[in-house]
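Q: Sequence isn't available, so here's the structure alone:
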């Protein structure tokens, strides 16, 4: 009985369980056949049908039927992530981009209007700025979501979705989720229909920020990043109400086929058990690296919400889940050098790896040059090339020494 309570996120005396306890126990359980205390990895594509299957809904995702409709490893992970995000339910899909596109295609129809942040992950930008308008007749408006008045001005009678990303990739712009939620609720009353607020929380993770607690309707995470944490599995999650996840499963999971593989779901479930431990390290190390870079005369700027001079610092602090939370492991910075100087610096790094992605155990850096198609959407200081640095779990002194050595070797 106690095991059942723990696996559902509750204690024997109704005391809320801590974040780490829930990452370990929620969604886990004892395997009925073997007695194993870890959920098994189930690779089956198909499951046994009843004596008379004629009345089965072949698009159902409520029972084990066909792996595209849903499978046990997906459901174990969904239970855990719904709990961590503070949601009624969640749906886990094949990637973070799958979660984004599932949200947009499920809740937007031809003729609808969406408002979105002018700084987002490139796939979100392409979907909302190009693909959905050109292919499906969905109108979109791109705004500076850190300016709440700009969001309010962009919402109109046909608006059905407002999508924000905070901190934004790759400039680390911060948006006030609660303030935007208030604007959305006001617009709902004015226009007399629902307008959903979706938040891409990938740069935060639910340990640092829970957007649903701040008034968002939908939270999206790329599980590939912090929640998996080991750089070896793709996945994405949408956490929201059960009514909405049922719609997403029908439209995108079953009929678009965006299901996560059992192996990736199992890997992410395993990796997520150490999320709090890892996020504490990411948070602390990134802040130390940001402060170190600020003190170097060869660094042109540093953008990190944990720094007191970041324009979104106060908002970022107000959104944290607890005093123990932090600002994530990603920062951006630029050197006082030319295009080739930035690349020379990277070529001399030894601990930090030149690669895309973030939230891995190893630190990753990518140079974003002057020809980025979205450069004019960035603040001026970003337009001459800059780095996105995702701090990993290495000893922070090794990261700092690696940066200093590469600067010296590059002659900057």
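A: Arrived safely, thanks for sending. The structure displayed is predicted, hence computed values, not measured ones. Numbers count the residues shown, from 1 in each chain.
Q: got the buried residues for stretch 225-233?
A: Of all the residues in stretch 225-233, those buried under the rule 16 or more other C-beta atoms under 10 Å are 225-231, 233. In this view, the C-beta of every residue, glycine as well, is placed from N, C-alpha and C.
Q: Select from these every entry located in helices.
A: Assigned to helices by DSSP state H, none of those qualify.
Q: Reformat these as JSON lines; add pLDDT and distance to residue 395.
A: Shown next, in JSON lines, are the buried residues of stretch 225-233 (pLDDT from 0 to 100; distance: C-beta to C-beta, whole Å):
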{"residue": "225", "pLDDT": "98", "distance to residue 395": "21"}
{"residue": "226", "pLDDT": "98", "distance to residue 395": "19"}
{"residue": "227", "pLDDT": "98", "distance to residue 395": "23"}
{"residue": "228", "pLDDT": "98", "distance to residue 395": "22"}
{"residue": "229", "pLDDT": "98", "distance to residue 395": "17"}
{"residue": "230", "pLDDT": "97", "distance to residue 395": "18"}
{"residue": "231", "pLDDT": "96", "distance to residue 395": "18"}
{"residue": "233", "pLDDT": "98", "distance to residue 395": "25"}
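Q: Mind listing residues that contact stretch 379-393?
A: With contact meaning C-beta atoms under 8 Å, 6 or more residues apart in numbering, stretch 379-393 is reached by 169-171, 278, 281-282, 285-286, 289, 300-301, 303, 329-335, 339, 342, 346, 352, 357-370, 375-376, 399.
Q: mind checking the end-to-end distance for that stretch?
A: Stretch 379-393 has an end-to-end distance of 30 Å (criterion: C-alpha to C-alpha, to the nearest Å).
Q: coming back round to it: now flag whichever of the buried residues of stretch 225-233 is closest to residue 207.
A: Ranked by distance to residue 207 (C-beta to C-beta), the buried residues of stretch 225-233 are led by residue 226 at 8.0 Å.
Q: Let me see the contact set for the closest one.
A: If a contact means C-beta under 8 Å, 6+ apart, then residue 226 has 202, 205, 275, 278-279, 282, 328-329, 358-359 as its contacts.
Q: nearest to residue 19, of those?
A: Taking C-beta to C-beta as the measure, residue 19 lies nearest residue 275 of the contacts of residue 226, at 7.9 Å.
Q: List the residues that contact the closest one.
A: Counting by C-beta under 8 Å, 6+ apart, residue 275 makes contact with 19-20, 23, 84, 205, 207, 226-227, 229.
Q: quick revisit: among the contacts of residue 226, which are located in helices?
A: 275, 278-279, 282.
Q: Most neighbours of all the residues you listed, which one?
A: Highest neighbour count within the ones in helices among the contacts of residue 226, by other C-beta atoms under 10 Å: residue 282, with 29 neighbours.
Q: mind listing the strands for the stretch 201-350 of the chain?
A: For the stretch 201-350 of the chain, applying DSSP state E, counting those that start in this stretch gives strands covering 218-222, 236-240, 299-303, 330-335.
Q: Now do the last one: everything it contacts.
A: Think strand 330-335. Outside strand 330-335, the residues that reach it (C-beta under 8 Å, 6+ apart) are 167, 169-172, 203, 286, 289-290, 293, 298-304, 341-342, 345, 358, 381-382, 384-391, 407, 412.
Q: Paired strands for that strand, with orientation please.
A: Strand pairing for strand 330-335, determined by DSSP bridges: strand 299-303 (antiparallel), strand 386-390 (antiparallel).
Q: out of everything not next to it in sequence, what's closest to residue 66?
A: Nearest in space to residue 66, with sequence neighbours left out and distances taken as C-beta to C-beta, 6 or more residues apart in numbering, is residue 46 at 5.6 Å.
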